[in-house]
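Participant: Sequence plus predicted model, see below.
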Amino acid sequence: MSANCCHHCEPEDGGPAYRRALWAVLAINAAMFAVEIGAGLMSGSASLQADALDFLGDAANYGISLFVVGMALRYRAMAAVAKGATMAVFGLWVLGVTGWHLWHQTLPQAMTMGAVGLTALAANGASFAILWRYRSGDANMRSAWICTRNDVLGNIAVLAAAAGVFGTGTGWPDAVVAAIMAALALQGAWIVLRQARGELRLSPAPVAAE
């Protein structure tokens, strides 16, 4: 009930409040990418590296969202298509990285994974709260929220992987979590692309004047 009321009370493009929300989560994601990519490479964790690149992809996606805010529905839907495709590429890339770490039997540093995972969870929890009111908007808005939702779930999974690596002394928990994160990215991409395609059908391309 409250979500529907929120959706109808907001302008179609989210208004200035949506722009401020996007700037806030863009800054959070850019900062966390810098922190997590270094930690992921240092610790040899596939799930941390995957999460770091997810932060980078999300920062780029929020930038795209800011660019198309206020444009016609067709252009916002086209931006959502680009973001959905990016999410799909991220998912496939993570699967490749996971396979590489399994082949080389990498043993990540569990303590680093846990510490950075907690920091990332706090950052994504803040982004999740900021974007919560826009979860039922158009495909462009929804894609931003889905990215953040996946990030929160991914961070919880990274913490579980850290505990698993610490408890088992193997890299399998890290690889399993990285694969789950890839599946989340692919599932989110499907949702965004499906809604964006529907919005594109509802807003045909403008006909050039003769």
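Facilitator: Structure received.

Participant: show me what contacts the spatially most central residue of the chain?
Facilitator: Centroid check for the chain by C-alpha atoms, centre = their mean gives residue 147 as the closest residue, at 2.9 Å. By C-beta atoms under 8 Å, 6 or more residues apart in numbering, the contact set of residue 147 is 54, 57, 58, 61, 83, 87, 188. For every residue, glycine as well, the C-beta is placed using N, CA and C.

Participant: do the same with residue 165
Facilitator: Applying C-beta under 8 Å, 6+ apart, the residues contacting residue 165 are 107, 108, 110, 113, 171, 173, 174.

Participant: From those residues, list the buried ones, please.
Facilitator: Applying a neighbour-count criterion of 16 or more other C-beta atoms under 10 Å, the buried members of those are 108, 110, 113, 171, 173, 174.

Participant: and the third one, what element?
Facilitator: So the one you mean is residue 113. With secondary structure defined by DSSP states H and E, residue 113 is part of helix 110-131.

Participant: So for residue 115, what pLDDT did the model give?
Facilitator: With respect to pLDDT, residue 115 scores 91.

Participant: actually residue 170, sorry about that
Facilitator: According to the model, residue 170 scores 86 on pLDDT.

Participant: Ok, residue 85 next?
Facilitator: In this model, residue 85 is scored at 83, pLDDT.

Participant: Look up how far residue 92 lies from it.
Facilitator: 11 Å (C-beta to C-beta, to the nearest Å).

Participant: Look up how far residue 165 lies from the nearest residue in space to residue 109 that is not next to it in sequence.
Facilitator: In space, and not counting its chain neighbours, residue 109 is closest to residue 43: 3.9 Å by C-beta to C-beta, 6 or more residues apart in numbering. Separation of residue 43 from residue 165 (C-beta to C-beta): 10 Å.

Participant: how far away is residue 27 from residue 124?
Facilitator: From residue 27 over to residue 124 (counting by C-beta to C-beta), the distance is 13 Å.

Participant: Neighbour count: these two, which is higher?
Facilitator: residue 124 (28 against 13; other C-beta atoms under 10 Å).

Participant: correct me, but the more buried one touches residue 153?
Facilitator: No. Look at residue 124 against residue 153 with C-beta atoms under 8 Å: they stay out of range, at 9.1 Å.

Participant: Overlap in contacts, those two.
Facilitator: Joint contacts of residue 124 and residue 153 (C-beta under 8 Å, 6+ apart) do not exist.
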